[in-house]
Structure formats: structure tokens, C-alpha cells
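**Student:** let's see this in three dimensions:
(3 chains)
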Amino acid sequence: MKVGDVPAVPEWLAGHLREDGIEELYPPQAAAVERGVTEGESLVASIPTASGKTLIAELAMLASVARGGTALYIVPLRALASEKQREFEQFEAYGLTVGVSTGNYESDGDWLATCDIVVATSEKVDSLVRNGAGWLDDLACVVADEVHLVDDAHRGPTLEVTLAKLRQLNPSLQTVALSATIGNAAEIADWLDAELVDSDWRPIDLRTGVHYGQALHFDDGDTRELAVRSSERPTAAIARETLDEGGSTLVFVNSRRNAEAAAKRLAGVTGEALTPDEEERLETVAEEIREVSDTETSDDLAACVERGAAFHHAGLARDHRSLVEGAFRDRLIKLVSATPTLAAGVNTPSRRVVVRDWRRYDGTVGGMAPLSVLEVHQMFGRAGRPGLDPYGEALLLANSHDELDELFERYVWADPEAVRSKLAAEPALRTHVLATVASGFAGSREGVLEFLDRTLYAAQTTEPGRLEHVTDNVIDYLVVNDFLERTGDDLTATSLGHTVSRLYLDPMSAAEIVDGLRGASAPTAMGLYHLVCRTPDMYELYLRSGDREEYTMLAYERESEFLGAMPSEFEDGRFEEWLSALKTARMLEDWASEVDEERIAERYGVGPGDVRGKVDTAEWLLGAAERLAGELDMGVAPAVREARVRVQHGVKEELMDLAGVRGVGRKRARRLFDAGVETRADLRAAEKPVVLAALRGRRRTAETVLENAGREDVSMEGVTPDPDAAPAESSPAPAEREGTGEDQSSLGDF
DNA sequence: ATGGTCAGTTTTTAGACAGCATGTC
DNA sequence: CTAAAAACTGACCAT
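**Tutor:** Okay, here's the model as predicted:
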């Protein structure tokens, strides 16, 4: 089908696509159009990555917008939200507006309502529904990206329930669900009353195979020799061969440590094949990586990048990740070894993909569990960059002839699993039943069940009564904990229940927090950190060998600070979990005591990304706790607020005022304080030379800071730093270079 | 005393959404 | 009930 033949889309679209070199639709896209996506028909597209899913979504959304409606694009990750935003902004030239809404970044609320296309995470959409965002009622088209994630036990139910709610709000809503190739796409289409496009078509060839011994065995029966030098690992041989052909390699492994170790080892391979120009540009990237954070992880990563390799996992800071992704896309980094983060995240295709580890540790089964076919195929799907590589190759590694056969059987020739709803689990229902009642979708047990009947779970279940049973348990729990009120057959949310639903808290977290705060009169920061850390919304740090003793001691030492009873040391599982929460809480305490990032990372054996992640979650939960304390008039709200602000800025109590000034973080606040400028008010009255010295002589920074503190005369013109007030540090601030302009020297501050 | 190698033993194990109101070095 | 690689430990040997 030619781009000009697509019905019901804006007139400019065909021309726009031709400008991008698109004359003809890919077969799955053409099929989608034939099924009526541009004419408002709902559709499930189960097709491989990189086979043009985004354009299908765009066709549907643009056609909807052309008819005067609004379109919503739901993504599973925040990083994908910004990626899609950038992609859709190409249409702003034609007068469309694009907005984003995620937990950490949101377009202005009023503006969002006027947008033609909104990109949001599934949790954010759920939250918008709970908070009654009016514009959702006028939605014409919703696109659910990566819809196979409804299979995810933790986050799948949210997507499932959200789609059901949107469709109930607006029965004529067009639903476009994009999925990886899955075993039961027809069933999903059935659930969504949608047409189906189910195809394996890819724009560039993907060869999959298994490496064993000195050969690569491909799915089409082809075999090719691969010389593995003695004492060389297969992955290294594959990477070397790919490099010789001018391609890049993406290696998937099953742990962070493996990712780092493999990158270090394979940097030996990539390091040999760099041009001087590449070396220079890599050096720049490495430098940027070191600037992101002063930790071992950061140094290790930079050392790998200098030699053309990198590792990628969730312990990396956000900026680390995007630097690696960017340099890999630019073909500067030749090899990335990654945990599954990269398979699910932003688009990072590579000539070759090696799935080195096909088993992963899984505590729930007590050992290594094989990856699902779906996951492995998703990783395979990263092979081959359309328009850049002649083909893509994806390989598994076998250590024996039997394993060779098994891998073919299990992954290469296997069809992906069916996607199954995970809604009927108590933790999932706890939060969704409360939200369903609180936001008025149901007003009784029957109403709740009626609503749940619209979900995929109901469409799939073969176990009659199970959902009903779990729902009853959950309703009882919610009533007992005062989130719901039952009068006769009617269910209504209490004011507490409404608050919890709007705060997006797991009711169990809320119950734990309320419980802990009730018994407290003057909680310490540690007590509060521990309280939020043992909540199901916080993912705790892992206890390592020796930690049990260490934290048991700490527990007794600071026994008086903890809110609520400490479980008995002999009550096994509970105590361990309580200690994990303590470890996490102490990390937060360190952070809020101005311990530097490097030291924290080392002390707790985590990466900079983990520190930021925990801090963010704690900030959110403490904010929620503050609201709950206020709601219940508990008088501890100021203490909670203090704990929250300290975590937010990573400062001790005395710096809270200063760190609240825009442009002043934990480091600047500390330097100002030590120079005698102790409060925001001091900042307005302080001697300029003192302020300037505390801010390491950066004039522009000093002016901005003073302005943000509300000072009138901010000019630092002609002011010289007071040498007596200069921070006494081991490495003195770099003096402003002679001859360079003011502006240039302040660049380093941002 | 120091350092390197090697084999056997112990340890460890993926990911990342959300409130609210504005900003780090 | 299930694994595998890295990190650690200690013996042994050469300097």
C-alpha cells in the first residue's frame, strides 16, 4: 500500500512520510490500515520490534486527531515516554501539540488537557483516572505500547485495569494495542473487541542461531565456522568477528556483575580495533561519564568506554545509561554487555546480539530459571538496525551438544508463550479494588466484580470463583483498615481511602505507615526512614553475608527509635525482612547526613543509580506519610516533613533552609554554611566576598543563588572572593583562568 | 617477606512505576 | 527440588 492510499489521515501526512523516504507501508502496517486503524477501528498488532509499530500508532492517532479527538499513548517506562515524545514532536510542524505526563516529569496540567497527543506511563494514566482528570473522558484513541507486559505480576494489572477503565469511561474509545509476537494475540484482540494483525514480518533479515564449539548453527540449517582461539571465550570470538565486519555486538547476561566483568574483558577485544579519531571521541564520552558521578562504577565504566566497550544495568545513573546508549547508537561504542534493562528500554539496535546467559537466578524457584521465550525473542529483536545493517544476527551459546539441541528446541524454533493476566493476586487487587471504589467505578461488591469482569483476567480465567474469592478477602482487608466502609451492600471509600488512592499508595503501605505513626510522639528521622522502608512500595536492599550480625547489632543499639514492634530475632522471615529495611533506612540516613555518594555506593555495595532510586522512592513515600499524618491530625507531620526534606536534598537538619534555595544543593549548602552563611536570610545579608568564596569563585552561580534567595543587589561585578572564607578542602577550587570570560568559567557549574 | 599461580570453596544473583511542587555539582 | 560465575582463600612455589 502506498502512503497516499491511507484513508482518513490528514492530507499532509503522505508528503511528510515521503520526505522521510517512506513511499510504501510495510506489510503489517498495510494490514493494520486494511483492518481500519485509521478509521477508528480497535486493533491488536502482535509484530516484531522494529517492524514499524510506531507508525501504526501514529496513523491511528493522527486520524483520530484529524477527526477532532485526543490520543493517549501509554508506555511502560519513563525513558520511553521521552523517546516517544521526541518522535511525535515531528508533527508539531503541522500544528499538533504533544504533552508528556510521568511521575518525574509532567507538562503543565492545563496545557495537557489541550494536547492532541499525550504520552504517559501506565501508572500515571491510572493515577490520572483516579484523580478524575476531565480530559480523559474526551479521549478518542488510546495506544498501549508493549501490551504483553500485562503478563508482568507487578505492573501488568495496572495496565490491564487502566485499559478497562478508559474503555468503560468511553465505550466508543479506539484501542490500539501494540505487542511483541506472543502466543495468544487473538485472545487479547478478543478481550479488547479489536481487529488483529499477527505477523512475523521484519524489515531486515534476522538470523538466529546457536554457537557451539567452532561453529555457528543457524535456524535455516546453515552452519558457519567461527574460529575460537584457545583460551578465548566464545563471546570474545563472536565480538571479534563482528568487529572485523564493521558491526557492533550486544551481549545479554544475567547479573550486573557479569555485565561489568564481561565488558572489562571484552574491552580488550574492542580496544584493538579503534581508529585514533574514535579513541579521541571515546575519551570525551569517558570524561562525561566520570563527571556524572564520582564512584567506582563510574570509573569502571569510563575505563571500558575508553576502549570501546561498555556495560549497562540499573545500577548506573540515568546519565550513564543515556551516554552509553547514545554512543552505542552512534557506533562509537562497539560492544555493550547488558542485563535485561536494555532489551526493554529505549531502542538500541546492534548488528549482532548474543544472549550469553539463558538462565537467571530466581528466588521464588530457589535457583536458576530459564528465561521465557518471549524475553529471549525480545533480546533477539535488538539485532539488526534497519537501513544500516544488511542483516541482524542473534545467537545463543551452548556448552555441549545436548545444550545445542535444547536451545534450538527451547528458543530458536519455539513460539512465544501466551500472555496471562496476573490480576487475581491480592497485592494487585488490594490497590485496584480500592481505586475502583474510590474513583466511583463501583459502589458495591457486585459493582466491583462487574467492573473486574471487563479485564483480561475475566476473559481468560478457567477457575471460576477465584477472582470472587480474592476480591472478598481484599474488600475485608480494606474495610478492616478503614479504607472502605460497608453499609448493607454498599461500599464507599472513607476519606482516608480516598487519600490513599489519590496518593497512589499500596493500601498495605498506607496501613503500615498509619500504624507506625499512630504510636509515635516524636519520631526520629531513622524511625521514619525505617517505617517507609518496610513498606511494600519500597524495594529493599539485599542482606549479604555478615550483614545479619551487623544490622542485628544496630537494631538493638537504636531500638528506641523504631516505630512499631520489632519482630523477634527467631521469627525467621519477618526478621530478615525487617533487617533489610534497616539496611535501606541506614543508607537513607547516610544520604541525609551528607555522606558522599561514593562512600554510600561502596558501603552498601550498590551503584549510583540505586542510591538515586532509593532516595526518590523514600521521598515519595515520606511525602505520602506527611499527607497521611496531616489527614489524620497526628501532630507528627512536621517531623515527617523534616525527614522528607532531608532525604530530598541529602542534607543534615541545619542545611534544610539553605538547600531549599534553588541552585543550592547539598554541596553548595554545606560550603555556604561552613563559611558562616547559615540561612536563606543570611544569604540575603551576607558579605558578597564570603558568598563568592564559598561558591568557589563562580560569579554567575553566586549571582543566580543570591537572586533565588530573594536578594536585590546580586551583581558580583568587581567582587573578589574572601580568602578567609574559602572552603578548606583537600583539592582547592580551580582558580578562574586568566583571559577566559566569566561565562565560560561558569559553564562547569551546569 | 613478597608475589604469583592454581585449585577448591564461598558468595551472590534483573528491573523501576508512583504524590506534589519546582530545581543539583 | 534445580546454576554458574566471580570473589575469596589458602597451599605451594619462586624470588
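
**Student:** measure A:Ala263 to A:Trp620 for me?
**Tutor:** Distance of A:Ala263 to A:Trp620, computed by Cβ to Cβ, to the nearest Å: 32 Å. To be clear about C-beta, it is placed using only N, CA and C from the backbone, and glycine gets the same treatment.

**Student:** looking at those two, which has the bigger crowd around it?
**Tutor:** More crowded of A:Ala263 and A:Trp620, by other Cβ atoms under 10 Å: A:Ala263, with 28 against 20.

**Student:** by mean pLDDT, point me to the weakest helix or strand of chain A.
**Tutor:** helix A:742-746 (a mean of 31; mean pLDDT, DSSP states H and E).

**Student:** which element, helix or strand, includes the closest residue to DNA strand C within the stretch 201-350 of chain A?
**Tutor:** Scanning the stretch 201-350 of chain A for proximity to DNA strand C using Cβ to the nearest atom of the strand identifies A:Ala261 as nearest, at 3.7 Å. Applying DSSP states H and E as the criterion places A:Ala261 in helix A:256-270.

**Student:** now for that helix, which elements pack on it?
**Tutor:** Applying 3 or more Cβ pairs under 8 Å, 6 or more residues apart in numbering; DSSP states H and E, one finds that helix A:256-270 contacts helix A:234-244, helix A:296-306, strand A:309-312, strand A:335-338.

**Student:** and the second one, what's its mean pLDDT?
**Tutor:** Spelled out, it's helix A:296-306. Helix A:296-306 shows an average pLDDT of 91 in the prediction.

**Student:** check which helices and strands that helix sits against.
**Tutor:** Where contact means 3+ Cβ pairs under 8 Å, 6+ apart, helix A:296-306 is packed against helix A:256-270, helix A:276-292, strand A:309-312, helix A:318-329, helix A:597-604.

**Student:** now the longest one, how far from the chain's geometric center?
**Tutor:** Once both centres are worked out by Cα atoms, centre = their mean, to the nearest Å, helix A:276-292 turns out to sit 26 Å from its chain's centre.

**Student:** quick check: mean pLDDT of it?
**Tutor:** Per-residue pLDDT values across helix A:276-292 average out to 94.

**Student:** center of chain A, which residue is that?
**Tutor:** A:Leu77 (4.8 Å; Cα atoms, centre = their mean).

**Student:** what's the spacing between the residue in the stretch 651-750 of chain A that DNA strand B sits nearest to and A:Ala459?
**Tutor:** Closest contact between the stretch 651-750 of chain A and DNA strand B, by Cβ to the nearest atom of the strand, is at A:Gly665 (1.4 Å). In this view, A:Gly665 and A:Ala459 are 50 Å apart by Cβ to Cβ.

**Student:** need the pLDDT of the residue lying closest to A:Ser122 once chain neighbours are set aside.
**Tutor:** Using Cβ to Cβ, 6 or more residues apart in numbering and skipping residues adjacent in sequence, the residue nearest A:Ser122 is A:Leu159, 4.4 Å away. Reported pLDDT at A:Leu159 in the predicted model: 97.

**Student:** and the residue of the stretch 651-750 of chain A closest to DNA strand B, how many neighbours?
**Tutor:** As a burial measure, A:Gly665 scores 15 neighbours (other Cβ under 10 Å).

**Student:** what's the pLDDT at it?
**Tutor:** On pLDDT, A:Gly665 comes in at 89.

**Student:** quick one, what contacts it?
**Tutor:** By Cβ atoms under 8 Å, 6 or more residues apart in numbering, the contact list for A:Gly665 reads A:His649, A:Gly650, A:Ala659.

**Student:** before we move on, what about A:Val143?
**Tutor:** With contacts defined as Cβ under 8 Å, 6+ apart, A:Val143 is in contact with A:Ala57, A:Ala60, A:Met61, A:Ala71, A:Leu72, A:Tyr73, A:Ile74, A:Val176, A:Ala177, A:Leu178.

**Student:** most neighbours, which of these?
**Tutor:** A:Ala60 (32 neighbours).

**Student:** make sure that one is actually in contact with A:Arg35.
**Tutor:** No: A:Ala60 is not in contact with A:Arg35 according to Cβ atoms under 8 Å; the separation is 10.7 Å.

**Student:** any idea which of the helices and strands packed on helix A:296-306 is most buried?
**Tutor:** Stretch with highest mean neighbour count among the helices and strands packed on helix A:296-306: strand A:309-312 (a mean of 30; mean count of other Cβ atoms under 10 Å).

**Student:** just how off-centre is that one within its chain?
**Tutor:** Distance, centroid of strand A:309-312 to centroid of chain: 19 Å (Cα atoms, centre = their mean).

**Student:** hmm, A:Ala303 is touching A:Ala286, no?
**Tutor:** Yes: assessed by Cβ under 8 Å, A:Ala303 is found in contact with A:Ala286 at 7.5 Å.

**Student:** how about the residues of chain A near DNA strand C?
**Tutor:** Within reach of DNA strand C by Cβ under 7 Å from any atom of the strand, chain A has these residues: A:257-258, A:261-262, A:265, A:357, A:359, A:361, A:365-369.

**Student:** turn the residues you listed into a markdown table, including pLDDT.
**Tutor:** As requested, the residues of chain A next to DNA strand C are exported to a markdown table (pLDDT from 0 to 100):
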| residue | pLDDT |
| --- | --- |
| A:Arg257 | 90 |
| A:Asn258 | 89 |
| A:Ala261 | 89 |
| A:Ala262 | 89 |
| A:Arg265 | 86 |
| A:Asp357 | 90 |
| A:Arg359 | 90 |
| A:Tyr361 | 89 |
| A:Val365 | 81 |
| A:Gly366 | 74 |
| A:Gly367 | 81 |
| A:Met368 | 87 |
| A:Ala369 | 89 |
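
**Student:** these also near DNA strand B: which ones?
**Tutor:** The residues of these that also fall near DNA strand B, by Cβ under 7 Å from any atom of the strand, are A:Arg257, A:Tyr361.

**Student:** run through who's touching whichever strand or helix holds A:Thr158.
**Tutor:** Element membership of A:Thr158 [criterion: DSSP H and E] is helix A:156-169. Outside helix A:156-169, the residues that touch it by Cβ under 8 Å, 6+ apart are A:72, A:74, A:76, A:122-123, A:125-126, A:129, A:136-137, A:139, A:142, A:144, A:147, A:149-150, A:173, A:175, A:177, A:192, A:421-423, A:425, A:428-429, A:432, A:435-436, A:441, A:451, A:454-457.

**Student:** among those residues, which are in helices?
**Tutor:** Members of the contacts of helix A:156-169 lying in helices (criterion: DSSP state H): A:122-123, A:125-126, A:129, A:428-429, A:432, A:435-436, A:451, A:456-457.

**Student:** and those near DNA strand B, which?
**Tutor:** Within the set of the ones in helices among the contacts of helix A:156-169, contact with DNA strand B (Cβ under 7 Å from any atom of the strand) is found for A:Glu123.

**Student:** for the ones in helices among the contacts of helix A:156-169, please prepare TSV with the additional fields pLDDT.
**Tutor:** Formatted as TSV, the ones in helices among the contacts of helix A:156-169 follow (pLDDT from 0 to 100):
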residue	pLDDT
A:Ser122	96
A:Glu123	96
A:Val125	95
A:Asp126	95
A:Val129	93
A:Ala428	94
A:Leu429	95
A:His432	96
A:Ala435	97
A:Thr436	96
A:Phe451	96
A:Leu456	96
A:Tyr457	95
